[in-house]
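> With the sequence up front, the predicted model follows.
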Amino acid sequence: MRNIWTIAKREYDHYFISPIAYVVAFLILLTTGGIFVYSLSYYTQSAYQAYGGAPDITPVTGSFGFLLVLTIPAITMRLIADEARMGTLELLLTSPVRDFELVAGKWLGALLFILSILAVTLIYPIILNGIVIGSVTLLPPLVVPGIDRQLMLSNYVGVILAAGAFLAIGVGISAIFTNQIAAFFATLVTFVVLWWLFGFPAAVMQSGSAGQQFFMFLDMKTHFYNAFGSGSIAISDALYFLSLIALGLFTGTTAVEVRRWR
Amino acid sequence: MIQVNGLTKDYGARRAIDNLTFDAEQGEIVGFLGPNGAGKTTTMRILTSYMPPTEGTAIVAGYDVMEESMEVRKRVGYLPETVPLYNDMTALNYLKYMADLRKIPNSEERAYETLDMVNLGDRATSYIGNFSKGMRQRVGLAQALIHRPEVLILDEPTIGLDPAQVVEIRKVIREIGKDRTVLLSTHILTEAQQICDRVLIINKGRIVAEDTPSNLQSRLAGAQRVVLRVRGEVDGLAAKIGEVKGARDVDARQDGSVEFEFSAGQDIRPQVAKTVIEAGFDLLEMRLIGLSLEEIFLELTRENAASKKPS
């Protein structure tokens, strides 16, 4: 298990010297920042307040679904494909490191990077809630008595689980390819299918029918928005994302193993 | 330390190595000679547990490469043909990473020590991406040595280096090979001669010869070839040499030198020198040309072709 950590640490460090990682971080933070500012002006409209809506963090966390679909392929494409191209995979595969540890380490390193970006977005709930320590007000709260904490927690758990699932699939696909551009597009297509295309049959099929249920279950955004996005942390939805993580890591491990036999 | 028995590897329909059997003892440096595509890299990849063989067994450092691959990997240092380096890391961080993957305590200290072994101690904090080919090769070698392995497998360790770097790398390998088993592949016979205790010549996945470098050379050198150079005109020189008893295959070259052969054990060079000088030529140089790997190799494959029907 220590190997997973060693590999994850190198991978995490690598993101901080990689231009793509900075572009991704910039894109995510710019978008969420813009959405946050827009949501603030929306919350202050009297029509919204009359309706009884309370400000919360869902505009920011909700935008992550779309952002992850577009950015994770760029984060994961090189993870194993590039090692294969550079010949360093041969080194790792002849080191006393299990194939699974390699794949899991790469995944964990990428997850830590996404979590770092996510940590920056915590500034938005802080702005909403203000910083009050005892009787000292460092930052006056915008929302009194503060935003819904459970909703915020479930949203962040949802984003983390979705990021974990996307990253695992991305690592798995990166292990199949030696060309990182090929890995990028294959990953993007897979995400588009998971995030959007499964939703279409679910939308047109008869509500409650077995087929509709089936596609609803496969559809990633249903699990993301309807469950975590609305404040509940359900085992079944968590299991959906955890299964995707397991599937992605398994695919990656198998693909690395297959390389040995070729 | 290395025991290979009936090792065979097929890539689809193509047989890369065919029933290889050899061994290597502790403290022995074994050279693997052969042209490109002979199966050297494939053999090395099997011995390092990178890929499984189709048939046969290989025991490295006392463990089976298939059944106990983790134990083998802990005890083997491997320098692949394309030196596996991360250009965005410093030499020190790269070696530290490798040491951490091998769970070596005090990995930073060990990384420094290993860099000193390959004379890169003063460049520890430079990025590998800025290194010259020779330095990259040395970092690769340091990586293979980081865990002080019992068995060292080096795929073309001196390819693409300048002569000074080649000498340096050879020195390092000889030093390391004193108490370890080293298996290295090369194209160059002089390299095998200088470093290896024993040489395996491999062609089309089969071992065609196995001996010490000097035995191999004298065994194959049924004839010795000499190049001779004089000052000024060379007209008639070849004919004069041809008159010396025992001189064969006399060949006047375009560049003004003359080459000839004599049977091993009947050194006719003194007679040739006398003849040349008596004929009024100014003798500048007379030199034995050792058989190159290519010639030995051609010789061996010709033998093979003669004994078997060529496919």
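It's in. Residues are numbered from 1 along each chain as shown, chains lettered A, B, ... in the order given.

> near chain A at all, stretch B:50-70?
Yes: part of stretch B:50-70 sits near chain A under the criterion Cβ under 8 Å from any Cβ of the partner chain, namely B:50-52, B:70. The way it works is simple: take the backbone N, C-alpha and C, and place the C-beta from them, glycine included.

> residues in contact with A:Ala234?
By Cβ atoms under 8 Å, 6 or more residues apart in numbering or on different chains, A:Ala234 lies in contact with A:Ala227.

> returning to that earlier point: can you add neighbour count and give the residues of stretch B:50-70 next to chain A back as JSON lines?
What follows is those, written out as JSON lines (neighbours: other Cβ atoms under 10 Å in any protein chain shown):
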{"residue": "B:Tyr50", "neighbour count": "22"}
{"residue": "B:Met51", "neighbour count": "19"}
{"residue": "B:Pro52", "neighbour count": "14"}
{"residue": "B:Met70", "neighbour count": "13"}
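
> Next secondary structure after the helix or strand of chain A with the lowest mean pLDDT?
The least trusted helix or strand in chain A, going by mean pLDDT, DSSP states H and E, turns out to be helix A:46-51, with a mean of 67. Per DSSP states H and E, the first helix or strand lying C-terminal to helix A:46-51 is helix A:58-76.

> for that next one, packing partners?
helix A:19-43, helix A:99-120, helix A:149-176, helix A:180-192 (3 or more Cβ pairs under 8 Å, 6 or more residues apart in numbering or on different chains; DSSP states H and E).

> among those, which is the most enclosed?
helix A:149-176 (a mean of 24; mean count of other Cβ atoms under 10 Å in any protein chain shown).

> Show the average pLDDT along that one.
Mean pLDDT, computed over helix A:149-176, is 93.

> again with stretch B:52-60
92.

> Tell me, how many residues neighbour the residue of the stretch 151-262 of chain A found nearest chain B?
Closest to chain B within the stretch 151-262 of chain A is A:Arg260: 4.9 Å, counting by Cβ to the nearest Cβ. Neighbour count of A:Arg260, defined by other Cβ atoms under 10 Å in any protein chain shown: 14.

> In contact with it, which residues?
A:Arg260 neighbours (Cβ under 8 Å, 6+ apart): A:93, B:50-52.

> In the chain, where is pLDDT below threshold?
Defaulting to chain A. Low-confidence segments of chain A, defined by pLDDT under 70: A:46-53.

> Actually, chain B is the one I wanted.
Judged by pLDDT under 70, the stretches of chain B that qualify are B:217-223, B:264, B:290-311.

> quick one: the helices in the stretch 151-300 of chain B?
Counting by DSSP state H, counting those that start in this stretch, the segments of the stretch 151-300 of chain B that form helices are B:163-176, B:189-195, B:213-220, B:237-243, B:269-278, B:293-307.

> just checking, B:Lys96 touches B:Glu113?
No: B:Lys96 is beyond contact range of B:Glu113, at 11.7 Å (criterion: Cβ atoms under 8 Å).

> In space, what's closest to residue 257 - neighbours in sequence excluded?
Looking at chain A here, since you left the chain open. A:Asp99 (5.5 Å; Cβ to Cβ, 6 or more residues apart in numbering or on different chains).

> that answer is for a different chain, and I need it for chain B
Closest to B:Ser257 by Cβ to Cβ, 6+ apart is B:Arg229, at 4.7 Å.

> Near chain A, which residues of the stretch 1-150 of chain B are found?
B:11, B:45, B:48-52, B:70, B:73-74, B:76, B:78, B:80, B:82-86, B:88, B:97-98, B:100-103, B:143.

> Filter the residues you listed down to just the ones in helices.
Counting by DSSP state H, the members of the residues of the stretch 1-150 of chain B next to chain A that fall within helices are B:45, B:70, B:73-74, B:97-98, B:100-101, B:143.

> show me what contacts the residue of the stretch 201-311 of chain B found nearest chain A?
Using Cβ to the nearest Cβ, the closest approach of the stretch 201-311 of chain B to chain A is made by B:Gly205 at 17.6 Å. Residues counted as contacts of B:Gly205 (Cβ under 8 Å, 6+ apart) are B:9, B:15-18, B:20, B:38-39, B:42.

> Pick out whichever of those residues sits closest to chain A.
For the contacts of B:Gly205, the nearest to chain A is B:Lys9 (10.8 Å; Cβ to the nearest Cβ).

> and the closest one, what helix or strand is that in?
strand B:2-11.

> Please name every helix or strand in contact with that strand.
strand B:14-24, helix B:40-47, strand B:55-60.

> In terms of secondary structure, what does the shortest one contact?
So that's strand B:55-60. strand B:2-11, helix B:40-47.

> Relative to chain A, which residue of the stretch 151-300 of chain B is the closest?
B:Ile153 (8.9 Å).

> Who does the strand holding B:Lys9 pair with, and is each partner parallel or antiparallel?
With DSSP bridges as the test, strand B:2-11 is paired with strand B:14-24 (antiparallel), strand B:55-60 (antiparallel).
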